[in-house]
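# below is the sequence, then the predicted model.
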Amino acid sequence: MNSLNVIVLAAGKGTRMHSDRPKVLHKLAGRALLQHVLETTSQLQPSKVCVVYGHGGEAVPEAMAEFDATFVLQMPQLGTGHAVQQALPELTGDTTSLVLYGDVPLIQAATLLPMLTASHALSLLTLHLEYPAGYGRIVRDAAGKVTSIVEEKDATPEQRAIKEVNTGILSAPTRLLRHWLAELKNDNAQGEYYLTDIVAMAVAQGVEVRTVHPKHSWEVLGVNSKQQLAELERLWQREQVHHLLAQGVTLADPARLDVRGKLTCGRDVEIDVGCIFEGEVTLGDRVHVGAYTLIRAASIAADTHVAPFSLIDQAEVGSNCFIGPYARLRPGSKLHDGVHIGNFVEIKNSEIAANSKANHLSYIGDSTVGSRVNIGAGTITCNYDGANKHRTVIGDDAFIGSDTQLVAPVTVGRGATIGAGSTITRDTPDGELTLSRSKQTTITGWKRPQKGK
């Protein structure tokens with residue numbers, strides 16, 4: 001295959017979305033529609049990617065800054081042919097050009113590759129629909145060769161009966177595309193420059209017109225309304241579910257799962273209802289994820305149990321751990337094997353070594369915790385002085401009593417014990433009991449204030 005230009009048309013306003021956000025920036029499975037298209041495009045290894053944008057000002061280029069693409073403004077918008085014309089100055093020479101759409105997010109690279117194998121032909125991605133209303137029809141001659149595409153508004157009753165429809169996705173030699181685009185006219189019902197008119201030009205010149213069909217019809221479904229977006233979300237989630245079930249993952253209810261990224265599972269993984277996975281998530285063998293848990297860009301090793309209503313965000317969890325319920329692991333958290341993090345415990349930017357426990361109502365931030373440490377209920381690492389963060393270090397086999405405040409920077413020695421209710425502001429020695437408490441006093445005869453009548 002010769003080098004490839006990809007043109008992504010993303011200028012539409014999306015009036016039926018009833019939103020100030022550009023249509024292509026609305027999200028499906030946690031990512032913008034256009035992001036899905038550009039990620040698929042990258043699998044084709046193009047030499048040039050050009051995104052034609054319009055409504056929303058610079059919001060589209062800014063949102064897609066991570067991609068190696070050129071952004072070209074189409075203003076005013078005078079049709080698909082006019083949009084591709086805006087990209088022409090950016091296209092490289094003796095190449096094939098592929099036209100995609102920013103609001104058709106689920107097109108797959110495996111479907112597009114056959115369109116790029118014939119550098120001399122015009123290739124169209126078409127689909128057979130039982131109910132083709134709204135689509136341009138593929139018109140063929142008696143020999144079955146494509147002769148043109150007619151838009152529904154311009155079609156005769158006989159042409160509207162055709163069930164093979166145009167998806168809008170096409171590829172062509174760039175040199176021919178330049179010539180055809182220069183010849184486009186806007187004498188149609190919409191007064192626009194239709195990209196599809198190049199098909200008749202190719203036929204007139206004797207250029208082969210090939211058709212390719214997608215493996216799945218959902219690949220070419222576009223988004224023009226919130227309802228269509230919601231329907232496509234469910235279609236995509238069902239595809240994720242089918243993939244997970246085929247791998248042997250046990251899902252308590254396949255209809256109540258959302259994968260907004262890439263979920264990789266080992267053997268005998270079990271996922272309860274209402275769970276959400278964002279970004280790249282890896283679950284090891286025999287991991288159990290409890291109901292209504294959110295896991296984002298994290299890895300969880302084998303035999304770990306995540307209890308319901310937990311949040312694990314950009315964290316690394318070892319094997320045989322127990323997390324939750326209602327636990328929160330924030331970015332930068334690393335738990336070694338056998339760690340227990342219980343209800344209403346928050347871990348942030350901390351490393352906790354093997355077999356340590358924080359089972360109740362604690363905050364561990366910017367800390368290094370050794371092995372076999374027991375952190376009592378209500379313990380807080382006071383890591384922030386109002387301007388800077390400081391680190392707490394807790395040695396192996398330490399015991400931190402309930403309701404302790406560790407004021408960082410501070411180190412608790414190996415095997416040390418901190419008495420309950422202490423505020424620790426200085427390093428504590430290995431193997432010793434340290435506590436800080438004011439003297440307990442009883443005031444005899446004291447009476448509680450009474451409400452005034």
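Sure, I can see it.
# helices of the stretch 151-300 of the chain, start to end?
157-160, 174-182, 198-204, 226-246 (DSSP state H, counting those that start in this stretch).
# deepest of the ones you listed, which one?
Across these, averaging neighbours per residue (mean count of other Cβ atoms under 10 Å) puts helix 198-204 on top, at a mean of 19. Just so you know, the C-beta spots here come from the backbone N, C-alpha and C atoms, and that holds for glycine as well.
# now do the contacts for residue 9.
Neighbouring residues of residue 9 by Cβ atoms under 8 Å, 6 or more residues apart in numbering: 52, 80, 83-84, 99-102.
# circling back to that earlier point, now render the helices of the stretch 151-300 of the chain as JSON lines, adding distance to residue 398.
Formatted as JSON lines, these follow (distance: least, Cβ to Cβ, whole Å):
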{"stretch": "helix 157-160", "distance to residue 398": "78"}
{"stretch": "helix 174-182", "distance to residue 398": "68"}
{"stretch": "helix 198-204", "distance to residue 398": "74"}
{"stretch": "helix 226-246", "distance to residue 398": "41"}
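# TSV please, covering those helices and showing distance to residue 384 and mean pLDDT.
Formatted as TSV, the helices of the stretch 151-300 of the chain follow (distance: least, Cβ to Cβ, whole Å; pLDDT from 0 to 100):
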stretch	distance to residue 384	mean pLDDT
helix 157-160	67	94
helix 174-182	57	94
helix 198-204	62	93
helix 226-246	39	97
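# give me the neighbour count for the closest residue to residue 25 other than its chain neighbours.
Excluding the flanking residues, the one nearest residue 25 by Cβ to Cβ, 6 or more residues apart in numbering is residue 32, at 4.8 Å. Counted with other Cβ atoms under 10 Å, the neighbours of residue 32 add up to 22.
# how close does residue 32 sit to residue 306?
29 Å (Cβ to Cβ, to the nearest Å).
# got it, and residue 377?
21 Å.
# now do residue 131
As judged by Cβ to Cβ, residue 131 and residue 306 stand 44 Å apart.
# between these two, point out the one with more neighbours.
Comparing residue 131 with residue 306 by other Cβ under 10 Å, the one with more neighbours is residue 306, at 28 against 7.
# identify the residues contacting residue 383.
Residues in contact with residue 383, defined by Cβ under 8 Å, 6+ apart, are 365-367, 389-392, 408.
# residue 422 too?
Counting by Cβ under 8 Å, 6+ apart, residue 422 has contacts 401, 404-405, 434-437.
# pLDDT below threshold where in the stretch 1-150 of the chain?
1-2 (pLDDT under 70).
# helices along that one, start to end?
Counting by DSSP H, counting those that start in this stretch, the helices of the stretch 1-150 of the chain are 33-43, 59-63, 80-87, 109-112.
# which other residues reach stretch 429-436?
So stretch 429-436 is contacted by 395, 401, 413-424, 428 (Cβ under 8 Å, 6+ apart).
# among the helices of the stretch 151-300 of the chain, which is nearest residue 168?
helix 198-204 (11.7 Å; Cβ to Cβ).
# which strands or helices does the closest one pack on?
Counting by 3 or more Cβ pairs under 8 Å, 6 or more residues apart in numbering; DSSP states H and E, the packing neighbours recorded for helix 198-204 are strand 122-128, strand 146-150, helix 174-182, strand 209-212.
# Serialize those to CSV and add fields for distance to residue 260.
Output for the helices and strands packed on helix 198-204, formatted as CSV (distance: least, Cβ to Cβ, whole Å):
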stretch, distance to residue 260
strand 122-128, 26
strand 146-150, 35
helix 174-182, 36
strand 209-212, 29
